[in-house]
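Visitor: From the sequence below, what's the structure:
(3 chains)
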Amino acid sequence: MTDGLRDFVEDLQPRQLPPPLQQQQQYAHISRQRGRRPMFGQRPVAPPQPLSPNVTSAAAAAAAQTGVADSNNINDESIRNLPEPSSQSTLKKQLLGPSVLKSGQDNVDQSKVAEIIYEASKGSKYFANESRKDLELTKRIDRILRKKAEIEKIDTSVDLKRADAYIAALELDRDLSQTIVHVDCDAFYASVEELDRPELKTVPMAVGKGVLTTCNYEARKFGVRSGMAGHIAIKLCPQLIFLPLNFEKYNAKAKEVREVLARYDERFEAASCDEAYLNITGYLAKHNLDPEEAVEKMRQEVFEHSKLTVSAGIAPNARIAKICSNKNKPNGQFRVGNDRSIVMSFMKSLPVRKVNGVGRVFERELEAVGIKTCGDIYPLRGLILKLFGQKAYEFLISVSLGLGRTVIRPAEEYIRKSIGSESTFPDLEGTANLREKLRKTAEALEEDLTKTELQGRTLALKVKMFTYEEAIRQKPLPYPIWKAGDVYEYALPLLTKLEEEYKPMKLRLMGLRMTNLSSRKKSGGSGGGSGGNFFKPVIVKKRKLGAEVEEKWEEWPEEEWGKYDEAGFEVRRADEGDMDPDELKYFDGLESDDLVGLECDDDDDEKERNEKSASDEEEKKEEEVVYWPCPICDLPQMPDDRAFNDHVDYCLSRQTIREAVREGGGERDTTPVAPPLTRTGGSASPEKATMSTVFKEYKQTGSHKNPLPSRRGRPRGKKRKL
DNA sequence: GCGGATCAC
DNA sequence: TATGGTGATCCGC
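Guide: Numbering: from 1, shown residues only, chains lettered A, B, ... in the order given. Alright, predicted model coming up:
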């Protein structure tokens, strides 16, 4: 350790400046971590030996030996839980960490890295926990595969038809008119540190302790990654230099970057400290610039202004832009053009893991059923709903089509739904000790509640046992609280409850979190939640079976990532034109929910769920209901007048469009990209490639609305802005 | 509504 | 000696 580094740590101890953006608060806490340990300074060791060509470290050599066969280590006592040798490989991959597919690791031998990590982890409690989780996942995947076999036995043509109808509806909504940019700073924290200490540029260096927050590209050559445990990183790269976090510095730099971004889209969306989305459609039109030119210029300006390099992705929507920004990292950019065939061919070979929302677990589940790339989704579209559920279905389908949101808006317009504080510490046990820790945790939470001027009506206590097993107990409160004393008082019963459940409870982490938030600001403000004075949140209801829907909740990761527009902010982007996407989705959702007999119990009405025999009820209904066949698409509809009429209207509008396509000859854009996506039986359009083109015209004229006299009123209510 | 799990950063 | 913290969502019960 060096004194200089220690000074750094002392310096930031009181810490925490008001983060300009909501998202940044999630990082602010880190700087006040207790129990800091000595920093690792430079060690007198052998010169750097990247893992790229040859691994020469002792650990690697040892690993190489044991690594001949994956199952060689199975007799280790600590991993006796492991079922069969085959799961070793998945576990190793799991241990590799979440960012294997990220950039900067292309020339690193991942299997050797995996071995080293595996060897270094073996025997630890952490490892045992990972093994347990891996086993659970393997079992779950087993169930999924059995389910798949079941489904394949029966007739899936109805599911296929429904999927095709859904896809057709989504296709109608496709918007290729916007140019979205995702900007991502390269190794942000590490780069900022290098500005102050240029000599670090040429040596492997990491920021953060315990778990690395990030590391520079020199370090990545050794297989070091962000999110990696510090002691593992040392095994991979003994000469790795560790720096402490310095959020003031990072925030200042982030601000500089944002100043430039604002020139291109004043309503850009800061997704985190070092990431942002921009809609540069307006900018391009105004300055008559090519997207690539403009972004090139923007990155150049960012560099001149902040001395930091950024990477960027340019695409018709945020999801693809995000993927693109990783493509030519560092200091590069990549564009997927605003053209359906380009989008489709880009998605076709893209590993699903690259998509935001597909993590290590989902990746394995998908792989098990034969989905490795986004192009693999479409052929299985008839199975996915039953295999993974409604949300995952909607998500995967939209991913396979390369769809994503095109509305970008400032982070300030999102409302926070929870606020919490948690910390890890050396194993702790004993009622008195745990209560003391609880008190400290409550005080930390009060601090954040004070800063944000929030209060909450539901309190949750989270603990992590010394075995890494986690548990949460939560409780609604009689009134909103924010003071540490109150928090402690209400948290104590939760703690004692846990102590009873887990007999001698030994903890390594404790956290408190408040939900059901409301603002304590006099002037209203953005705090949302029940109890709020000015901005009462919109009641957002999830899809309900058959019944009228006041507000619909946008499907999972697809759009807003759960953040919603509390006070009904007017979003003024062009893309939310006249065709209300909700309506299409509504009908489709209704269809699938109703017909599949899926457990769609997203009701907010308590009475509806009082019957524990919900599933029985469901089945009974399923048998009794007589569906009305739609005269257009022939798919069975719920016997509900309004819903039926809505559906027919919808089908007619699609029919109209289809005919328009045929008349127009459908000659444009006919490249047969992504073959599976162009044609399937049933109601799918014969020429989807042109549908979006046609639809654009419809959007302009607005003539698609109510192609025939409507028989009733649409389910009204505030339309969800996408 | 609760608790566990997953995901992103 | 020994693998983080904040916030959000989804699923099963």
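Visitor: in what helix or strand does A:Arg439 lie?
Guide: Following DSSP states H and E, one finds A:Arg439 within helix A:431-452.
Visitor: cool, A:Glu365 as well?
Guide: Element membership of A:Glu365 [criterion: DSSP H and E] is helix A:360-368.
Visitor: anything in the next helix or strand after that helix sitting right up against DNA strand B?
Guide: Toward the C-terminal end, the helix or strand that comes next after helix A:360-368 (DSSP H and E) is helix A:381-388. No: between helix A:381-388 and DNA strand B, judged by Cβ under 7 Å from any atom of the strand, nothing touches; the nearest distance is 11.1 Å. Glycine gets a C-beta too; all of them are placed from N, C-alpha and C.
Visitor: List the contacts of helix A:381-388.
Guide: With Cβ atoms under 8 Å, 6 or more residues apart in numbering as the test, helix A:381-388 has contacts from A:144, A:147-148, A:151-152, A:156-157, A:159-160, A:162-164, A:167, A:365, A:369, A:377, A:392-393, A:396-397, A:400, A:592, A:596, A:598.
Visitor: Which elements pack onto the helix holding A:Arg439?
Guide: strand A:418-429, strand A:454-465, helix A:484-501, strand A:506-519 (3 or more Cβ pairs under 8 Å, 6 or more residues apart in numbering; DSSP states H and E).
Visitor: make it 6 Å
Guide: For helix A:431-452, the elements it packs on are strand A:418-429, helix A:484-501, strand A:506-519, judged by 3 or more Cβ pairs under 6 Å, 6 or more residues apart in numbering; DSSP states H and E.
Visitor: Compare the ones you listed and give me the one nearest DNA strand C.
Guide: strand A:418-429 (3.2 Å; Cβ to the nearest atom of the strand).
Visitor: Tell me if that closest one is near DNA strand C.
Guide: Yes: under the criterion of Cβ under 7 Å from any atom of the strand, DNA strand C is reached by strand A:418-429 at A:Ser418, A:Ile419, A:Gly420, A:Ser421, A:Glu422, A:Ser423, A:Thr424, A:Pro426.
Visitor: Dump these to a markdown table, plus neighbour count.
Guide: Compiled in a markdown table, the residues of strand A:418-429 next to DNA strand C are given as follows (neighbours: other Cβ atoms under 10 Å):
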| residue | neighbour count |
| --- | --- |
| A:Ser418 | 14 |
| A:Ile419 | 21 |
| A:Gly420 | 19 |
| A:Ser421 | 22 |
| A:Glu422 | 17 |
| A:Ser423 | 17 |
| A:Thr424 | 15 |
| A:Pro426 | 8 |
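Visitor: By proximity to DNA strand B, which residue of chain A wins?
Guide: As assessed by Cβ to the nearest atom of the strand, DNA strand B sits closest to A:Gly359 within chain A, at 2.2 Å.
Visitor: Name the nearest residue to that residue, ignoring sequence neighbours.
Guide: In space, and not counting its chain neighbours, A:Gly359 is closest to A:Pro98: 6.8 Å by Cβ to Cβ, 6 or more residues apart in numbering.
Visitor: A:Ile323 versus that neighbour, what's the distance?
Guide: 16 Å (Cβ to Cβ, to the nearest Å).
Visitor: just A:Asn317 next, same as before
Guide: Distance, A:Asn317 to A:Ile323, using Cβ to Cβ: 10 Å.
Visitor: Please say which of those two ends up with more neighbours.
Guide: Just comparing A:Asn317 and A:Ile323: by other Cβ atoms under 10 Å the higher neighbour count belongs to A:Asn317, 26 against 23.
Visitor: Look up the pLDDT of A:Cys523 for me, please.
Guide: Small correction: residue A:523 is Ser, not Cys. What the model reports for A:Ser523 is a pLDDT of 68.
Visitor: quick check: domain ranges of chain A?
Guide: Following automatic domain parsing, one gets these domains for chain A: A:40-153+A:204-238, A:416-519, A:574-701.
Visitor: DNA strand C versus A:Ser226, what's the distance?
Guide: A:Ser226 sits 8 Å away from DNA strand C, going by Cβ to the nearest atom of the strand, to the nearest Å.
Visitor: hey, which helix is longest across chain A?
Guide: helix A:125-153 (DSSP state H).
Visitor: buried set for that helix?
Guide: For helix A:125-153, burial by neighbour count (16 or more other Cβ atoms under 10 Å) applies to A:127-132, A:134-135, A:137-138, A:141, A:144, A:148, A:151.
Visitor: sorry, back to before: can you report how many residues neighbour the residue nearest to A:Gly359?
Guide: 14.
Visitor: Surely it forms part of a strand?
Guide: No: in this structure, A:Pro98 is coil, not part of a strand, as judged by DSSP: H, G, I helix; E, B strand; the rest coil.
Visitor: on that earlier part again, and DNA strand C, which of the buried residues of helix A:125-153 contact it?
Guide: Answer for these near DNA strand C (Cβ under 7 Å from any atom of the strand): A:Phe127.
Visitor: residues from chain A in reach of DNA strand B?
Guide: Within chain A, the positions lying close to DNA strand B (Cβ under 7 Å from any atom of the strand) are A:26, A:98, A:133, A:136-137, A:227, A:271-275, A:322, A:355-363, A:458, A:460, A:469-476, A:606.
Visitor: Now the buried members of these.
Guide: Counted by 16+ other Cβ under 10 Å, the residues of chain A next to DNA strand B give A:137, A:271-275, A:322, A:355, A:358, A:360, A:362-363, A:458, A:460, A:473 as buried.
Visitor: and of these, the nearest to DNA strand C?
Guide: Nearest to DNA strand C, judged by Cβ to the nearest atom of the strand, of those is A:Ser272 at 8.8 Å.
Visitor: which residues does the closest one bridge with?
Guide: A:Glu275 (DSSP bridges).
Visitor: what about it, distance to A:Leu517?
Guide: 21 Å.
Visitor: swap in A:Gly357?
Guide: Counting by Cβ to Cβ, the gap from A:Gly357 to A:Leu517 is 25 Å.
Visitor: What are the neighbouring residues in contact with the residue in the stretch 51-200 of chain A that DNA strand C sits nearest to?
Guide: As assessed by Cβ to the nearest atom of the strand, DNA strand C sits closest to A:Ser121 within the stretch 51-200 of chain A, at 3.3 Å. Contacts here follow Cβ atoms under 6 Å, 6 or more residues apart in numbering; on that basis A:Ser121 touches A:Leu95, A:Phe127.
Visitor: A:Glu115 versus that one, what's the distance?
Guide: Here A:Ser121 is placed at a distance of 11 Å from A:Glu115 (Cβ to Cβ).
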